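[1] Got a sequence here, can you build the structure:
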Amino acid sequence: MVIGHLGRDPEMRYTPSGRPVTTFTVATSRSWNTTDGERHSETEWFNVVAWGNLAEICKQYLTKGQQVYIEAVFKHDAGKTRKPSSIPPLRLSPPK
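    Reported below is the predicted structural model:
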């Protein structure tokens, strides 16, 4: 699960077959103190892709800065090593 804030308004487009697809970014932040008392903070960005009816709902109701909760399945390709900058986007689809 990812809980964060939208970094920009969702952008919706359509595939050549007419299926809606919406993309947006979500920022998660965390902060902590070191043993020396020094304060640190870190922000991680996630690219999110929603398809079909869920894409239309995201476009209609989500706006930049809004807090969102996203639940997705994360899979790791055992045979591939990825750099952090090459993490694929979270793909959202309605629950089965």
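
[2] May I ask which helix or strand encompasses the residue of the chain most remote from its centre?
    Computed with C-alpha atoms, centre = their mean, the maximum C-alpha offset from the centroid of the chain is found at residue 36, amounting to 33.2 Å. Using DSSP states H and E, no element contains residue 36; it sits outside every helix and strand.

[3] per-residue pLDDT, it?
    Reading off the confidence values, residue 36 has pLDDT 92.

[4] Look up how far residue 62 lies from it.
    Distance, residue 36 to residue 62, using C-beta to C-beta, to the nearest Å: 40 Å. C-beta: built from backbone N, CA, C; applies to glycine.

[5] residues contacting residue 24?
    Applying C-beta atoms under 8 Å, 6 or more residues apart in numbering, one finds that residue 24 lies in contact with 6, 7, 8, 9, 10, 11, 48, 58, 62.

[6] Distance to residue 24 and secondary structure for these - can I get that in TSV?
    Output for the contacts of residue 24, formatted as TSV (distance: C-beta to C-beta, whole Å; DSSP: H, G, I helix; E, B strand; the rest coil):
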residue	distance to residue 24	secondary structure
6	6	strand
7	7	coil
8	6	coil
9	7	coil
10	4	coil
11	7	strand
48	5	strand
58	7	helix
62	7	coil
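
[7] Compile these into JSON lines and extend it with columns for distance to residue 26.
    As requested, the contacts of residue 24 are exported to JSON lines (distance: C-beta to C-beta, whole Å):
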{"residue": "6", "distance to residue 26": "6"}
{"residue": "7", "distance to residue 26": "7"}
{"residue": "8", "distance to residue 26": "10"}
{"residue": "9", "distance to residue 26": "13"}
{"residue": "10", "distance to residue 26": "11"}
{"residue": "11", "distance to residue 26": "14"}
{"residue": "48", "distance to residue 26": "6"}
{"residue": "58", "distance to residue 26": "11"}
{"residue": "62", "distance to residue 26": "10"}
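
[8] Show me which of the residues you listed is closest to residue 31.
    Residue 31 lies nearest to residue 7 out of the contacts of residue 24, by C-beta to C-beta, at 18.1 Å.
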